[in-house]
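Peer 1: This is a predicted model, with the sequence first.
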Amino acid sequence: MISFLSLNRRTVGLAVILLVVILLEALEVRASIYPGLLPYFEWLKNSSWLGYLGTTYGSVYATVEAGHLISMAVIGGTILATDLRLLGVLFRDIPSEIITAGTFKCFKVSLVCAIATGIFCAAGVADKVYYMEVFWIKMLTLLTGSCFMIFIKQPLLSSRPHSEINPWILRLLAVTSILIWFTVAATGRWIGFS
Amino acid sequence: MLNELVYDFAIWLDDSAWSTLLHESYYMYNWVESIHVLTLIVCLGMLFMIDLRMLGYALPNIPASNIAQRLNAPMLVGFTVMFITGILLFYAVPVRSSQSVWFRLKMALLVACAVNAYLFHKRMNESVASWDNNAKAPKRIRMGAALSLGFWSLVVICGRFIAYDWFDCEYTDPNSFSQFLSGCIAGQTRY
């Protein structure tokens, strides 16, 4: 039993996370947390300096929004370069280990920038986004994407030579990653229309 | 004179049924705008990876020429779709867009981006053999990469600013500097 757990740590970890999410949903924990978050969102919009800056200075808000978009572009670049290599579309003559390692630092920095600018953007319209379903879908997808990158994809890709990993696992990782980050970008865009 | 020509052209576009349909179709307009932004992420994502490689921040172990050549194709695919959707967005709101300071500045910056890209590739192709495997490109190439990052960031900021009506002809004082920059026409009735 112990050897099975130690050999399949990530798989077991993922199964536990999924089980916890299902339990939280079944026990209506999410539904009970949601109303309790409203005061924080109202505080963010009306009392925090972030909300004040965002609502008072339209040009600052728009510039930070552009910064958010640029950070998302860098995330998109690192994700596409890595995942298209794993799928065998780009850089076929360069080992995928080098591409994975060479883009991860940029990914981390741009993710931090995207989250920081995203918090500012959300603060300016906090009372609006709180009621948007698409905003919460984006937040959950962003959380999923970040956890997927940091706890699953990157540890797996840096743990051993990629030639020792089943090619279908590599393809699955790449497709999952592209789909998650595409959803983050698309839902982000849709927030603007809601 | 030039402003009047641009205005007349914008009015002609605005009078077409397709322009009105695209502008008034909630889902179609949003789809076009979403595709514009998503392909911008693809195009700039690839371009920024090339620029960051030249500056030594990304993929330093891979020859610079290799990165530039391989990422050019997906970047151009993204750029083509972004360009087409950009034209459609202009076509949907031609009068206001053509008289937006930010739109005009964005177009000027796009020309600057094109000139910079031409010079960047020219300089790179001339000298790449001597520094291809270095983690950082020579200063002149790094300067081009930094300019590319700066220009494109300004393009994105201007694109975002177009949505705001701070300097729209409709809301600014006649004969003001912003009206001059926007190319507003005296007595114009359509905005």
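Peer 2: Arrived safely, thanks for sending.
Peer 1: Distance of the residue of chain A found nearest chain B relative to A:M139?
Peer 2: At 2.9 Å from chain B, A:G77 is the closest residue in chain A, using C-beta to the nearest C-beta. Glycine gets a C-beta too; all of them are placed from N, C-alpha and C. To A:M139, A:G77 is 23 Å away according to C-beta to C-beta, to the nearest Å.
Peer 1: you'd agree A:M132 is up against A:I191?
Peer 2: Yes - A:M132 lies in contact with A:I191 (C-beta atoms under 8 Å); the separation is 6.3 Å.
Peer 1: if we can go back for a sec, neighbour count winner among A:G77 and A:M139?
Peer 2: A:G77 (30 against 15; other C-beta atoms under 10 Å in any protein chain shown).
Peer 1: mind checking pLDDT for that one?
Peer 2: With respect to pLDDT, A:G77 scores 94.
Peer 1: Skipping its backbone neighbours, what lies nearest B:T85 in space?
Peer 2: Nearest in space to B:T85, with sequence neighbours left out and distances taken as C-beta to C-beta, 6 or more residues apart in numbering or on different chains, is B:H36 at 3.9 Å.
Peer 1: In terms of helices and strands, where is that neighbour?
Peer 2: For B:H36, the enclosing helix or strand under DSSP states H and E is helix B:26-55.
Peer 1: Need the contact partners of the helix or strand hosting A:W43.
Peer 2: Secondary structure assignment for A:W43, by DSSP H and E: helix A:29-46. Here helix A:29-46 makes contact (C-beta atoms under 8 Å, 6 or more residues apart in numbering or on different chains) with A:24, A:50-51, A:55, A:122-127, A:129-130.
Peer 1: Contact partners for A:G192?
Peer 2: By C-beta under 8 Å, 6+ apart, the contact set of A:G192 is empty.
Peer 1: List the contacts of whatever residue of chain B ends up closest to chain A.
Peer 2: Chain B approaches chain A most closely through B:G45 (2.9 Å), counting by C-beta to the nearest C-beta. When contacts are counted by C-beta under 8 Å, 6+ apart, B:G45 touches A:73-80, B:78.
Peer 1: Filter those residues down to the buried ones.
Peer 2: Buried by 16 or more other C-beta atoms under 10 Å in any protein chain shown: A:73-80, B:78, out of those.
Peer 1: Quick one: low-confidence residue ranges for chain B.
Peer 2: Scanning chain B for pLDDT under 70 picks out no residues.
Peer 1: Spell out which parts of it neighbour chain A.
Peer 2: Selection of chain B residues close to chain A by C-beta under 8 Å from any C-beta of the partner chain yields B:30, B:33-34, B:37-38, B:40-42, B:44-49, B:52, B:57-62, B:66, B:70-71, B:74, B:153, B:156-157, B:159-161, B:163-164, B:166.
Peer 1: re the thing from before, surely the residue of chain A closest to chain B is in contact with B:M49?
Peer 2: Yes - between A:G77 and B:M49 there is a contact under C-beta under 8 Å: 4.3 Å.
Peer 1: before we move on, the earlier item: need the CA coordinates for the helix holding A:W43. PDB is fine.
Peer 2: Taking C-alpha atoms only, helix A:29-46 is exported to PDB below (Å, rounded to 0.1, in the frame of the first residue of the first chain):
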ATOM      1  CA  VAL A  29     -19.700  24.400   0.800                       C
ATOM      2  CA  ARG A  30     -19.100  26.500  -2.300                       C
ATOM      3  CA  ALA A  31     -22.700  27.800  -2.200                       C
ATOM      4  CA  SER A  32     -22.300  28.700   1.500                       C
ATOM      5  CA  ILE A  33     -18.900  30.500   1.000                       C
ATOM      6  CA  TYR A  34     -20.200  32.600  -2.000                       C
ATOM      7  CA  PRO A  35     -22.500  35.100   0.000                       C
ATOM      8  CA  GLY A  36     -19.800  35.500   2.600                       C
ATOM      9  CA  LEU A  37     -17.400  36.900  -0.100                       C
ATOM     10  CA  LEU A  38     -19.600  39.800  -1.000                       C
ATOM     11  CA  PRO A  39     -18.400  42.200   1.800                       C
ATOM     12  CA  TYR A  40     -14.800  41.600   0.600                       C
ATOM     13  CA  PHE A  41     -15.700  42.500  -3.000                       C
ATOM     14  CA  GLU A  42     -17.600  45.600  -1.800                       C
ATOM     15  CA  TRP A  43     -14.600  46.600   0.400                       C
ATOM     16  CA  LEU A  44     -12.300  46.100  -2.600                       C
ATOM     17  CA  LYS A  45     -14.400  48.400  -4.800                       C
ATOM     18  CA  ASN A  46     -15.300  51.100  -2.300                       C
END
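Peer 1: Report the rounded mean pLDDT for it.
Peer 2: Throughout helix A:29-46, pLDDT has a mean value of 85.
Peer 1: can you give me the angle the helix or strand just after that helix makes with helix A:29-46?
Peer 2: Tracing the chain past helix A:29-46, the next element assigned as helix or strand by DSSP H and E is helix A:49-56. If you take axes from the mean of the first three to the mean of the last three C-alpha atoms, to 10 degrees, helix A:49-56 sits at 60 degrees to helix A:29-46.
Peer 1: Can you pull out the residues in contact with helix A:49-56?
Peer 2: A:44-45, A:60-61, A:64, A:119-121, A:123-126.
Peer 1: rerun that using 10 Å as the cut-off
Peer 2: Residues from elsewhere that reach helix A:49-56, judged by C-beta atoms under 10 Å, 6 or more residues apart in numbering or on different chains: A:41-46, A:48, A:60-62, A:64-65, A:119-127.
Peer 1: From those, list the buried ones, please.
Peer 2: Neighbour counting over the contacts of helix A:49-56 (16+ other C-beta under 10 Å) leaves A:41, A:44-45, A:61-62, A:64-65, A:120-126 as the buried ones.
Peer 1: Take those and write them to JSON lines, including secondary structure.
Peer 2: Below are the buried ones among the contacts of helix A:49-56 laid out as JSON lines (DSSP: H, G, I helix; E, B strand; the rest coil):
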{"residue": "A:F41", "secondary structure": "helix"}
{"residue": "A:L44", "secondary structure": "helix"}
{"residue": "A:K45", "secondary structure": "helix"}
{"residue": "A:Y61", "secondary structure": "helix"}
{"residue": "A:A62", "secondary structure": "helix"}
{"residue": "A:V64", "secondary structure": "helix"}
{"residue": "A:E65", "secondary structure": "helix"}
{"residue": "A:F120", "secondary structure": "helix"}
{"residue": "A:C121", "secondary structure": "helix"}
{"residue": "A:A122", "secondary structure": "helix"}
{"residue": "A:A123", "secondary structure": "helix"}
{"residue": "A:G124", "secondary structure": "helix"}
{"residue": "A:V125", "secondary structure": "coil"}
{"residue": "A:A126", "secondary structure": "helix"}
